[in-house]
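**Student:** Okay, structure incoming, though there's no sequence with it:
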Ligand code: PLP
C-alpha cells in the first residue's frame, strides 16, 4: 500500500511561512502589506561578494567540488571565527552545507537515536522540535520565561535531564526572543552537559548581530570542544539568505559523519557561492558592521514605539532582529491580534505560539525593514488597537 512515512505527521511547518503566504495573497488583491514576519535582512551582500560570484562563474567554478567545502573557504572561516568569536578551530573542523537548516538536520541525524531526548528552547526556532520528532527522538523543551528575562534556567534544564538525554540545543542570540544568554547561564549549562556527557548543538547564526558586549560562543567553556557543534551560516550576518550557505563546526569524528551525510544528500555546496563566501568573510566594505548599526537604530525606535501601543510590552532585544512583544496586557490572544494586524492593518507578524507553547502570549515582529516601514507599521497598529481594551504600557 502506498503511504506517506509516519515521521511526516510529527514534523511541522513554520508559522512565518504561512503568515507570509497569506500576506502575499492580500497583496495580490491590491492591499498594502508591511512585511514584518520573515527573518530575512533587508540588505544584500556587498559588490565585492557579487563580483566574486560572477568571476567564479566566468572561470568555470560551477562543478562538483570538495564534499565538506573548499579548503580555502574553510581556512578563511577558521580565521574569521578566531577573529570575531575568539575560538580556536581548524579548517578540518568545518563542514559546509547548503544553509543552516540542512546543517542542523544532518547534525541531528548523525547524532541522535530514536528515543533519545533532546533539550531545546521554548520559544525557539521551530526546526528544533520538528527535526527531533522527525528523527523519532523525544522533544524536551526548556522555557525561556519572562520572569528569567527570557534566559534559559539551568535548574530547569538540570531537572529535565534523564539517562536518555543526548543533546542540548542552545541558540544565542535567540530566535524569536532576541535573548543573548549570559556568561553565567552558559557556564552552568556547560557544566551540566559535561556532567551528563551530552552533545551541545549551539546555533550561533545570529552571533554577529548583537547590540553591545563580546559574543561568547558555547565552544569557549571548559570541556566543550569534544562535545559541541556550532551551526552558523551566511543568511543573517552577511544578508545572504537565498545563497544557501551554512556550516557546522564539529569535533573530528563528527566531521567524518557529516561528510558521509553530505555524500548521501547534497554532494557539495555550489562552488561559485563558496568563492563569494570568502569575500563575504573578509568584508572589506564593512557591510556587517553597517547592517548591525542600522538594526541597532531600528531596534531603539521600534521597541519604543511598540511600547506606546496599549497592552504591548516589548523589552529591548539584545541580539538578532526580532521584537518579542508580550501582549498579555491587551486581554486578547496573539492569534486574534495577528489576524487583526494582517487583515485590517496590513501588518504581517507572527503569533508567538508558532515558536512553542511558551510563546503563546507574545508576537514576533522582525525589524529587518526600513525605519519608515517600522514607523508606519506602529501607526497602523495604533489605529486598530481600539479592537482591544488594554491600557498603554508605561515603562
Ligand atoms: N537557526 C535559526 C535560529 C534561524 O532563525 C534560522 C533562520 O531563520 C536558521 C537556523 C536557518 O537559517 P538558514 O537560512 O541558513 O537555513
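**Tutor:** Cool, got the structure. Just so we're clear, the structure is a prediction, and the values are computed from it rather than from any experiment. Residues are numbered from 1 along each chain as shown.

**Student:** On the pLDDT front, check residue 392 for me.
**Tutor:** Per-residue pLDDT puts residue 392 at 53.

**Student:** what about the residue lying closest to residue 67 once chain neighbours are set aside, which helix or strand?
**Tutor:** Nearest non-adjacent residue to residue 67, counting by Cβ to Cβ, 6 or more residues apart in numbering: residue 262, 4.9 Å away. Quick note: C-beta positions are derived from backbone N, CA and C, even for glycine. When elements are assigned from DSSP states H and E, residue 262 belongs to helix 252-264.

**Student:** any idea of the mean pLDDT for that helix?
**Tutor:** Helix 252-264 shows a mean pLDDT of 98.

**Student:** Next: stretch 125-132.
**Tutor:** The average pLDDT within stretch 125-132 is 97.

**Student:** which outside residues touch that stretch?
**Tutor:** The contact list for stretch 125-132 (Cβ atoms under 8 Å, 6 or more residues apart in numbering) reads 10-15, 101, 104-105, 108, 112, 118, 120-121, 138-139, 141, 169, 171, 175, 203, 354-356.

**Student:** now, which of those residues lie close to the ligand?
**Tutor:** Among those, proximity to the ligand is found for 101, 171, 175, 203 (Cβ under 6 Å from any ligand atom).

**Student:** Compare the residues you listed and tell me which has the most neighbours.
**Tutor:** residue 203 (29 neighbours; other Cβ atoms under 10 Å).

**Student:** biggest separation within the ones next to the ligand among the contacts of stretch 125-132, which pair?
**Tutor:** Pairwise distances across those (Cβ to Cβ) peak at 13.2 Å, for the pair 101 and 171.

**Student:** can you map out the strands along the chain?
**Tutor:** 34-35, 94-97, 117-122, 138-143, 165-171, 199-203, 228-233, 246-249, 322-326, 347-348, 350-351, 362-366 (DSSP state E).

**Student:** Could you dump those strands into CSV with distance to residue 74 and mean pLDDT added?
**Tutor:** CSV is the format used below for these (distance: least, Cβ to Cβ, whole Å; pLDDT from 0 to 100):
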stretch, distance to residue 74, mean pLDDT
strand 34-35, 35, 96
strand 94-97, 4, 98
strand 117-122, 27, 98
strand 138-143, 32, 98
strand 165-171, 23, 98
strand 199-203, 18, 98
strand 228-233, 13, 98
strand 246-249, 8, 98
strand 322-326, 30, 98
strand 347-348, 38, 98
strand 350-351, 35, 96
strand 362-366, 31, 98
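
**Student:** residue contacts, residue 42?
**Tutor:** For residue 42, the contact set (Cβ under 8 Å, 6+ apart) comprises 368-370.

**Student:** Phi, psi for it please.
**Tutor:** Taking degrees, to the nearest 10, you get phi -90, psi 40 for the backbone angles of residue 42.

**Student:** Ok, the one 4 residues further on next?
**Tutor:** Geometry field for residue 46 lists phi and psi as phi -70, psi 170, criterion degrees, to the nearest 10.

**Student:** I figured it hits residue 288, correct?
**Tutor:** No - applying Cβ atoms under 8 Å, one finds residue 46 not in contact with residue 288, separated by 9.5 Å.

**Student:** right, and residue 57 touches residue 272 too?
**Tutor:** Yes - with contact defined as Cβ under 8 Å, residue 57 counts as touching residue 272 (4.9 Å).
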